[in-house]
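Asks: Provide a 3D model corresponding to the input given below.
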Amino acid sequence: MSDVLLDGIALTAEQVRDVARDGGRVLVHPDGATRAGAAHRTVAALSAAGGVYGRTTGVGANRLIAVEYESSAGPVILGPEGSVVTGDSAPQQPVRHDPHGLRLLRSHAGGAGPLLDPISVRAMLTVRLNQLAAGGSGVAPDVLIGLETALNRGLTPPVHAFGGIGTGDLPALAVTALCLLGEVPWRGGSMEPVPFDPADALSFISSNAGSIGEAALACADLSELLRAGTVITALAFLACDGNSEAYEAVVHLARPHPGQQTVAARLRDLLAGQAVKPARIQDPYSYRAVPQVHGPALDAVVALERTLGIELNAPAENPLVDPVGNRVLHNANFHTAYLGLALDAMRNALYQTAALSVARLSLLLEPAFTGLTPFLAAGPPGSSGLMILEYVAHSALGALRLNATPTSLATAVVSRGVEEHAPFSSQAARNSLDAVASYRVVLATELVAAVRALRMRGAAPVDGPLADAYRYVAERLPDRLDDRPLDQDVEDAAALLPALARFEG
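Replies: All right, here's what the predicted structure looks like:
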């Protein structure tokens, strides 16, 4: 696997997954380091001369409170009344106070709940590093080097599940900064502390990198699973002698939604040349309405990919440093309504297509549609066959239904009322990862049943990509028909889904 070059311009969801899950290495593009350096010099000069949110002021409801701007890691010396003093006016026993930025990091590293898995945390680090390479934050280039080193050594900060509400993953990034500083141990190893200017504290943590990273993982996985789902649908179609009239081009030209047309065309391609004699003049919805239900899920993922293409490469910083204009711009680009709404739409569409998959599984277990034994059993009368897979699939579908609840219907008022809206996209991203995991189980159960039905009927696909796909999975799934535990069958089928997606075309 080649290095993933982070230039702040062209990062994709698939690349985030390559780094986060597959251990791909990252490399900051020299242009990214140059942009970061220019922004850091600009904001340091402007902060020394005037007010910059988070550098010379407090944050949130404390935004109107001035703090001493310190561009070094040394402590601030305070007099008896709390005023900053230097030189001859310093008291004999001064109060030594750490810089505002350091105190900000410590106070915000307050997440709770279980620790996130390293994959999600690596996704967050990858996204934040790419955002910093886009310029605009003012964070010093040393921090980019530190994040690059941590990723390539497999180190992750101890990030807790709860803390973000879609307006900045503040606790997650604050504890990351403390790891870079050497105050909090890394998970998975250690590295030398990174020079970290306390004045950069807010600029580093003011990001939704955690939410965006988890959204990227969900998007990359779902794009793959939806392609695999089309192949599995075609296999199940053969096992039930479906009627392909529902997929004809003229039908979908009459109602030309993009995803609908795409799904119908892919099914036509997969089923081309297959010897199918339709058993019914009109199939149940689980076959007849596949383009109309699977298509919206496809469109929702395309929309999410488009949103992520912006979010992954945006210097969505507050304040935004503009070195060309020699200014900082206070703004609300940390608000992720676009991302939350795209994730909500994706999960709702996913539930619909998952429900259709569960319905097809039930038809595969019904003799009236396959001409085989109930539950595709092969033992003595009363054998259960794949009966339990219906329960498993509905259990996964039930979990997906809960995850599909729109998080954008919630909001929050925090920080003494001055931050009076939140999109909860952090929860949307987490729910999306969970929903994708449930969909993976649903597809795996349908695949197990479709392969068994085709084996029992002696009706393997002939020629073309569908035949190749069938051979691939049939060689890897157990061919035993006796009543036995099926958990390993489902696990094996789930592991085949990424490769199965490649046969979709």
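Asks: name the nearest residue to the residue most central in space within the chain, ignoring sequence neighbours.
Replies: Nearest to the geometric centre of the chain sits Ala215, at 2.4 Å (CA atoms, centre = their mean). Of all residues not flanking Ala215 in the chain, Ala429 sits nearest, at 4.3 Å (CB to CB, 6 or more residues apart in numbering). In this view, the C-beta of every residue, glycine as well, is placed from N, C-alpha and C.
Asks: could you find the closest non-adjacent residue to Asp31?
Replies: The spatially closest residue to Asp31, leaving aside those adjacent along the chain, is Asp7, at 6.0 Å (CB to CB, 6+ apart).
Asks: can you list phi and psi of Val328 for me?
Replies: phi -120, psi 140 (degrees, to the nearest 10).
Asks: any idea of the pLDDT on it?
Replies: If you check Val328, the pLDDT there is 94.
Asks: from Val59, how far out is it?
Replies: Remark: distance between Val328 and Val59 (CB to CB, to the nearest Å) = 15 Å.
Asks: and for Asp241?
Replies: Distance, Asp241 to Val59, using CB to CB: 64 Å.
Asks: more neighbours, the two?
Replies: A count of neighbours by other CB atoms under 10 Å puts Val59 above the other of Asp241 and Val59, at 23 against 17.
Asks: show me what contacts that one?
Replies: 53, 104, 202 (CB atoms under 8 Å, 6 or more residues apart in numbering).
Asks: the residue nearest to Ala215: neighbouring residues, count only.
Replies: Neighbours of Ala429 (other CB under 10 Å): 31.
Asks: how much space separates it from Gly111?
Replies: 15 Å.
Asks: off-centre distance for the longest helix anywhere in the chain?
Replies: Scanning the chain for the helix with the most residues, using DSSP state H, yields helix 425-457. Offset of helix 425-457 from its chain centre (CA atoms, centre = their mean, to the nearest Å): 17 Å.
Asks: which other helices and strands contact that helix?
Replies: Judged by 3 or more CB pairs under 8 Å, 6 or more residues apart in numbering; DSSP states H and E, helix 425-457 is in contact with helix 209-239, helix 337-364, helix 367-370, helix 387-403, helix 464-474, helix 487-501.
Asks: just give the nearest non-adjacent residue to Leu350, would you?
Replies: Ala297 (5.4 Å).
Asks: give the rounded mean pLDDT of the helix or strand where that neighbour lies.
Replies: In the assignment (DSSP states H and E), Ala297 maps to helix 290-311. Averaging pLDDT along helix 290-311 gives 98.
Asks: can you check stretch 227-245 too?
Replies: So the average pLDDT for stretch 227-245 ends up being 97.
Asks: next, count neighbours for Ala469.
Replies: Ala469 has 24 nearby residues by other CB under 10 Å.
Asks: the residue lying closest to it once chain neighbours are set aside: neighbour count?
Replies: Nearest in space to Ala469, with sequence neighbours left out and distances taken as CB to CB, 6+ apart, is Phe503 at 3.7 Å. Phe503 has 22 neighbouring residues, counting by other CB under 10 Å.
Asks: name the residues of stretch 375-388 that come out as buried.
Replies: 375-377, 383, 385-386, 388 (16 or more other CB atoms under 10 Å).
Asks: Leu181: which of those residues is nearest?
Replies: Minimum distance to Leu181 across these is 51.9 Å, recorded for Ile388 (CB to CB).
Asks: was I right about that closest one contacting Arg484?
Replies: No. Counting by CB atoms under 8 Å, Arg484 is not a contact partner of Ile388; they are 10.8 Å apart.
Asks: residue ranges with poor pLDDT in the stretch 51-200 of the chain?
Replies: 70-97 (pLDDT under 70).
Asks: what about the helices in it?
Replies: 100-108, 118-133, 141-152, 170-181 (DSSP state H, counting those that start in this stretch).
Asks: let's have the ones you listed in CSV, adding distance to Arg306 and mean neighbour count.
Replies: Listed next are the helices of the stretch 51-200 of the chain as CSV, based on distance: least, CB to CB, whole Å; neighbours: other CB atoms under 10 Å:
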stretch, distance to Arg306, mean neighbour count
helix 100-108, 32, 21
helix 118-133, 17, 27
helix 141-152, 26, 21
helix 170-181, 25, 26
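Asks: so which of those is nearest Ala368?
Replies: helix 118-133 (43.6 Å).
Asks: show me what that closest one is packed up against.
Replies: Secondary-structure packing of helix 118-133 (3+ CB pairs under 8 Å, 6+ apart): strand 4-6, helix 13-20, strand 26-28, helix 30-49, helix 141-152, helix 170-181, helix 209-239.
Asks: and the next helix or strand past the last one?
Replies: So that's helix 209-239. Per DSSP H and E, the first helix or strand lying C-terminal to helix 209-239 is helix 249-253.
Asks: gap between that next one and the chain center?
Replies: 34 Å.
Asks: just checking, Gly309 touches Glu14?
Replies: No. Applying CB under 8 Å as the test, Gly309 and Glu14 come out as separate, 11.5 Å apart.
Asks: contacts for stretch 220-234, please.
Replies: 13-14, 16-17, 263, 266-267, 270-271, 287, 290, 294, 297-298, 301, 305, 346, 350, 353, 357, 360, 432, 436, 439-440, 443, 446-447, 450, 466, 469, 497-498, 500-504.
Asks: buried members of the residues you listed into PyMOL, please.
Replies: Applying 16+ other CB under 10 Å to the contacts of stretch 220-234, the buried members can be selected in PyMOL as follows:
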select buried, resi 13+14+16+17+263+266+267+270+271+287+290+294+297+298+301+305+346+350+353+357+360+432+436+439+440+443+446+447+450+466+469+497+500+501+503+504
